[in-house]
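[1] pasting the sequence and the predicted coordinates here, then a few questions.
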Amino acid sequence: MSAAAQNLMQQWAIANNIPQSEDLSAGRLSITIDRVRVHLLTLRSSEILVEARVRDLPSAPIEQNQLLQKALALSTARMSEVPVSPVVDEAATLLKLQARVSPLATADELDKTVSMVVNEVEFWRGML
């Protein structure tokens with residue numbers, strides 16, 4: 001884990017009155033903002049991954065495919081405006097949004113990315 005990424009997460013947590021924890025020391029942090037559970041994780045690349053769940057995927061293959069096609073179209077339309085990417089979890093049970101933050105970013109830039117992800121989750125939930 002990158003010391004720069006861990007330091008950035010700690011600065012952000014302090015600025016937002018989030019208590020220090022073992023998870024934060026291990027490069028992970030999960031918080032709820034406006035009914036959206038947001039996860040911050042340090043990556044091997046030293047970046048910070050900011051991710052949040054949009055919704056569960058339907059279990060029926062046809063419905064799942066339709067939802068993913070709609071998500072793909074929405075992603076294509078949004079990508080020029082917002083640097084957030086939709087992803088499906090490894091078990092193919094839920095749709096998430098992710099954004100990456102450089103370990104050289106400021107706590108303010110990380111805060112803006114977290115806010116952007118929260119806002120995008122609300123937007124995506126409304127659209128899907």
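    Okay, I see it.
[2] from residue 77, how far out is residue 65?
    Distance of residue 65 to residue 77, given as Cβ to Cβ, to the nearest Å: 19 Å. The way it works is simple: take the backbone N, C-alpha and C, and place the C-beta from them, glycine included.
[3] how about residue 99?
    For residue 99, the distance to residue 77 (Cβ to Cβ) stands at 17 Å.
[4] who has more neighbours, those two?
    Neighbour comparison, residue 99 and residue 77: the larger count goes to residue 99, with 20 against 10 (by other Cβ atoms under 10 Å).
[5] what are the bridge partners for the more buried one, then?
    When bridges are called by DSSP bridges, residue 99 pairs up with residue 50.
[6] my guess is it contacts residue 116. True?
    Yes. Here residue 99 reaches residue 116: they are 6.7 Å apart, a contact under Cβ atoms under 8 Å.
[7] can you give me the helices for the protein?
    Listed in chain order, the helices found in the chain under DSSP state H are 3-15, 22-25, 61-78, 107-127.
[8] okay, those helices in CSV with distance to residue 95 next?
    Formatted as CSV, these follow (distance: least, Cβ to Cβ, whole Å):
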stretch, distance to residue 95
helix 3-15, 25
helix 22-25, 24
helix 61-78, 6
helix 107-127, 8
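[9] cheers, nothing more for now.
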